[in-house]
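K.L.:
take this sequence and fold it.
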Amino acid sequence: MLRRVKRLFPTGALWAVSLLVAASSVHADAPPEDGRRYVRYGVRIASSAALPSTHRLVLYPIDLSNGAPQPDYRVVSEGDEIELGRRSGLVGFYAVPAEEVAGDTLRTLPHDAPEDAQLAYFASARVAKATIEARPVGTVDEASLVRVVTHGFAVESLTASGLVVRHAETSYTYEDGERETVAPDAAPSRAPSLWESPLVWVAAAVAGNALAAFLVLAIVRRKRDPVAPPP
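P.N.:
Predicted structure coming up:
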């Protein structure tokens, strides 16, 4: 009996690991909380004129995947815009010496470099990191007309004290494709109509059910009540 249990143990352990992985996957793909929905998010370089020609601006980590994390970097210029994956985390801004950049690649750090090499490079003294980071917007109100939120950033300076970047603007792209750009913390100007709100439809459904129940009770009661004879 003991020998049979030992033979079965590896299979049982494998099943346990599989269940844990499946549970983690389900958790990662969990829907947003009630009344919210996921929204796409992007980063735009609104201005980089203040960055001296001796340096290039690099964003890291950039994750374009909606599945397993795939951190990478992007060499960017003014006007560039990058839409991130849904599971992307905070994105840092780095000033890198121009001689270390060849096209869209860092000479000593290819795009397929392992993550520990990426972390070591961007933690080194050869680069300057801004204190601000791009923080992806995860969800919006379920009734919102916004489909994409894009934060625009501007380089203010690069000195011996470090790189300074500020959040300069926010753009909202609506479901009809129209896009508006507003102040960094301003809300979208377009709001859903009253009839597009899910709360209105819930209230209408509740009222409809209540009316139907009232009519059914009235019909049943009428059938049960005796009919008075004609005079």
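K.L.:
centre-most residue in the protein?
P.N.:
Residue closest to the average C-alpha location in the chain (C-alpha atoms, centre = their mean): Gly138, at 3.5 Å.
K.L.:
which residues of this protein fall in strands?
P.N.:
36-38, 40-47, 55-62, 72-76, 81-84, 91-97, 101-102, 105-106, 128-134, 139-141, 146-159, 162-174, 179-182 (DSSP state E).
K.L.:
number of nearby residues for Phe93?
P.N.:
23 (other C-beta atoms under 10 Å). (Each C-beta comes from the backbone N, C-alpha and C, glycine too.)
K.L.:
that one is in contact with Ala130, isn't it?
P.N.:
Yes. The pair Phe93 and Ala130 passes the contact test of C-beta atoms under 8 Å, sitting 4.1 Å apart.
K.L.:
shared neighbours, these two?
P.N.:
Common neighbours of Phe93 and Ala130, using C-beta atoms under 8 Å, 6 or more residues apart in numbering, are 163, 165.
K.L.:
lowest-scoring secondary structure element of the protein by mean pLDDT?
P.N.:
helix 2-28 (a mean of 40; mean pLDDT, DSSP states H and E).
K.L.:
contact partners of stretch 114-126?
P.N.:
So stretch 114-126 is contacted by 60-61, 71-73, 92, 94, 96-97, 100, 106, 108-109, 113, 127, 129 (C-beta under 8 Å, 6+ apart).
K.L.:
of those, buried ones?
P.N.:
With neighbours counted using 16 or more other C-beta atoms under 10 Å, the contacts of stretch 114-126 contain these buried positions: 60-61, 72-73, 92, 94, 96, 100, 106, 109, 127, 129.
K.L.:
residue contacts, Tyr38?
P.N.:
With C-beta under 8 Å, 6+ apart, Tyr38 has these contacts: 32, 86, 138-139.
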